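S.K.: dropping a prediction and its sequence here:
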2 protein chains.
Amino acid sequence: MENGRKKPTLKDVAALSGVSVISASRVINNAPNVSRTLREKVEKAAATLGYQRNRIAGSLRGKATELIAVIVPSMSNHVFPQIVDGIDDALKGSKLQLVLGMTKYEEMGEESILRELLTWNPAGVILSGLEHSENTKAMLSQFNGPIVEVMDSDGDAIDMAVGVSMEEAGKSIAQHLVSLGYQRIAYVGAWGERPKRSLKRRLAFEAELARLGQPILTSIILDEQSSLHVGASGMQQLLERKLKPDAVFFANDDLALGALFFCQSKNLSVPTDIALAGYNGLDMCQLISPRLTTIATPRYDMGRIAGEISRKVILDEERPKQLVHKLDVQLIAGETT
Amino acid sequence: MENGRKKPTLKDVAALSGVSVISASRVINNAPNVSRTLREKVEKAAATLGYQRNRIAGSLRGKATELIAVIVPSMSNHVFPQIVDGIDDALKGSKLQLVLGMTKYEEMGEESILRELLTWNPAGVILSGLEHSENTKAMLSQFNGPIVEVMDSDGDAIDMAVGVSMEEAGKSIAQHLVSLGYQRIAYVGAWGERPKRSLKRRLAFEAELARLGQPILTSIILDEQSSLHVGASGMQQLLERKLKPDAVFFANDDLALGALFFCQSKNLSVPTDIALAGYNGLDMCQLISPRLTTIATPRYDMGRIAGEISRKVILDEERPKQLVHKLDVQLIAGETT
DNA sequence: AGATATATTGGTAACGTTACCATTCGTTAT
DNA sequence: ATAACGAATGGTAACGTTACCAATATATCT
């Protein structure tokens, strides 16, 4: 901290070792055709000076930076951290580094974060969902490098996408609930349904219910961020209705868990009095009792694959054949339905 | 994507608007003393060309980058995502942007990630814990800019720190368990106790137990990463002993929850047959039944304060008076003890 | 009016690195 | 022996921006 002398540069290393700057650069970058003696001289000087390369300067001269811009809504849930974890694992060992931006689910969030992150001239961009503002799309269309959209596979990618089908997910949970004989089925969402993929999932859910002759009883979209508390509050709202539902599908497991705990605290029996289903398939939902019915999504893998795709395109110049990489969701029939 | 023409630069903007490059720069940076006409000309040209500033170039010439390097162990738990969330919130609105690296709890992880991140010439560094390798410390001592260590407040900061006292935490849970009359108290940790702060907490816990005349029965340190499953497996190991514990303190809530679910699945009554306590105070632990006894840590706030400190030092040139910012932990006496 | 301050604009150099081209020197092929 | 080649090294310019200083225009003061 706060020490006066400034960082040694390649020039200093070159001067100390008595070679040219460019030769020093070759050693630092493990370029071919460098003699052993040169290498040793430079490495010794670099060690003596405590030289650290400055990639800012390097990436100004070279074409690309080695930064990957990742834009996610938030870290306050269980989904995106795992995606980021997957991306990072895929990038490990390469020179690529993650720059992270969060939109906090704000309307203009993605757009302004993207604008910020693009000023760092990243080599690739990873963002979530397939729906974006016009300005976001415009900025991305100017962007040279891989753009990977994670989460959703229902639609066209700007460049490439890795995700699961929201429609299949909504449909399969509808079929599950109807097949078990539930007749007054409700839905609870959060975040004001700003991530459009949850809207897609709900619409598919409602459409399938209607097709099966059990149209949705009601859908409540809460404006707050998803949490156990909000799930409980959604549940409470439903229970205050005259015509109470006998099954509820929640936009995610956090909401469903909150509802489950709420029901337990009110001595309601799940699923006898009311059935509950979630979305995501968080680990813990299979350890509690009753085990939550939910849809497992491959969060870590979506991140990992998005990272791998980016890495391949940037470093190996190899583009995947399929632009939309669809992964499978899996209905986990637990004990809450 | 992949469109041939290269990005417009300030030079292009200047040429189109008929002013000098430096004047265009002034407009883009909202510098003072720029006439309205000049501003309008440049802004129009910038909009026409779709100009995006290149901060890589800017931060090469200028002194600082406006990147904050954040190094955390992993995103696969509930602790660090919340810290990152806090940091990001504190940085919102400023020009500072987060570059994220993860060590995956590997021995040399922090060191190599830091080396990587420093090549981006960040304006500040945020990392976790107060224990670091010699090389890490050496690199940081060369670093010009705020260094904030989060999580732990027991010890000396390299530069500044925001955290809670591991010793207080270990001590208070020991007192809690002994005061309730437990006599065969055990401990379960994970990650091979690589984050040294968990070791500190355990040692304080064991020391306090000894002081109170109830020395620890056994401490099991598992090598795997913390998870519900690992907690269950630790619990299982303890139950296979001849002398079974009557209370167990876990290194975190994930482990404790896993153990709780495991006990429930074995029809053991908690806390009658066995008492359980965790560490972190995750939301959901207070919603399940029985509510978990745990120690609440201000995760989001640690991140937020670390972010605010960094921001202040970097942008306002104002250093906080206290170098180690200690936040309070809170024992939550739940129903599992 | 002349002097002085202030607002506005421009020119040049530099940040630290790497791409590109040039040079030297030894080695192999003819 | 000469040509042709490749390995090893060096020189120069450039990446896009901003710091610094200089120059001009305009406003204010005595």
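M.R.: That came through, no problem.

S.K.: can you dump the C-alpha atoms of stretch A:67-78 in CSV for me?
M.R.: This file holds the C-alpha atoms of stretch A:67-78, laid out as CSV (Å, rounded to 0.1, in the frame of the first residue of the first chain):
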residue,chain,number,x,y,z
LEU,A,67,-11.9,-10.1,-19.8
ILE,A,68,-15.3,-11.8,-20.0
ALA,A,69,-18.2,-9.5,-19.1
VAL,A,70,-20.8,-11.4,-17.1
ILE,A,71,-24.1,-9.7,-16.4
VAL,A,72,-26.5,-11.4,-13.9
PRO,A,73,-29.5,-10.0,-12.1
SER,A,74,-28.3,-10.6,-8.6
MET,A,75,-26.3,-12.7,-6.3
SER,A,76,-29.0,-12.8,-3.7
ASN,A,77,-30.5,-16.0,-4.8
HIS,A,78,-29.3,-19.5,-5.3
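
S.K.: and it, how far out from the chain's middle?
M.R.: Counting by C-alpha atoms, centre = their mean, to the nearest Å, stretch A:67-78 is centred 6 Å from the centre of its parent chain.

S.K.: tell me the buried residues in that stretch?
M.R.: A:67-78 (16 or more other C-beta atoms under 10 Å in any protein chain shown). All C-beta spots, glycine's among them, are computed from the backbone N, C-alpha and C.

S.K.: these: which ones sit near chain B?
M.R.: With C-beta under 8 Å from any C-beta of the partner chain as the criterion, the buried residues of stretch A:67-78 include A:67, A:74-76, A:78 near chain B.

S.K.: so which of the residues you listed are in strands?
M.R.: Members of those lying in strands (criterion: DSSP state E): residue A:67.

S.K.: and which of the ones next to chain B among the buried residues of stretch A:67-78 is nearest residue B:87?
M.R.: Proximity of those to residue B:87 (C-beta to C-beta) peaks at residue A:75, which lies at 9.5 Å.

S.K.: what's the nearest residue to that closest one if we skip its chain neighbours?
M.R.: residue B:81 (3.8 Å; C-beta to C-beta, 6 or more residues apart in numbering or on different chains).

S.K.: burial measure for the one you found, as a count.
M.R.: 26 (other C-beta atoms under 10 Å in any protein chain shown).

S.K.: these two touch, right, it and residue A:81?
M.R.: Yes. In terms of C-beta atoms under 8 Å, residue B:81 counts as a neighbour of residue A:81; the distance is 4.0 Å.

S.K.: nearest to residue B:14 among the ones next to chain B among the buried residues of stretch A:67-78?
M.R.: Distances from residue B:14 to these, taken by C-beta to C-beta, are shortest for residue A:67, at 26.8 Å.

S.K.: return the per-residue confidence for that closest one.
M.R.: Looking at residue A:67, its pLDDT is 91.

S.K.: got a list of what it touches?
M.R.: By C-beta atoms under 8 Å, 6 or more residues apart in numbering or on different chains, the contact list for residue A:67 reads A:96-99, A:120-123, B:99, B:120.

S.K.: which two in those are spaced the farthest apart?
M.R.: Among these, A:98 and A:121 lie farthest apart (C-beta to C-beta), at 14.9 Å.

S.K.: ok so, going back, any common contacting residues for residue B:81 and residue A:81?
M.R.: What both residue B:81 and residue A:81 touch, as defined by C-beta under 8 Å, 6+ apart, is the set A:75, B:75.

S.K.: hey, where'd the strands end up in chain A?
M.R.: Under DSSP E, chain A gives strands at A:67-72, A:97-102, A:124-128, A:147-152, A:160-164, A:185-189, A:218-221, A:247-250, A:275-277, A:294-296, A:324-327, A:330-332.

S.K.: between these, which one is closest to residue B:298.
M.R.: Of all those, strand A:97-102 comes closest under C-beta to C-beta, at 19.5 Å.

S.K.: and that closest one with strand A:67-72, angle?
M.R.: 30 degrees (axes from the mean of the first three to the mean of the last three C-alpha atoms, to 10 degrees).

S.K.: and strand A:97-102, how far from the chain's centre?
M.R.: 11 Å.

S.K.: ok, stretch A:128-142 next?
M.R.: Averaging C-alpha positions (C-alpha atoms, centre = their mean) puts stretch A:128-142 16 Å from its chain's average.

S.K.: how about residues contacting it?
M.R.: Residues outside stretch A:128-142 that contact it (C-beta under 8 Å, 6+ apart): A:71-73, A:80, A:83, A:108, A:110-111, A:114-115, A:118, A:125, A:147, A:149-152, A:154-159, A:161, A:163, A:195-197, B:1, B:3, B:7, B:50, B:52.

S.K.: can you rerun that using 6 Å?
M.R.: Contact with stretch A:128-142 is made by A:72, A:110-111, A:114, A:147, A:149-152, A:155, A:158, A:195-197, as judged by C-beta atoms under 6 Å, 6 or more residues apart in numbering or on different chains.

S.K.: before we move on, the earlier item: from the ones next to chain B among the buried residues of stretch A:67-78, which is closest to chain B?
M.R.: Taking C-beta to the nearest C-beta as the measure, chain B sits nearest to residue A:75 out of those, at 3.8 Å.

S.K.: appreciated, that's everything.
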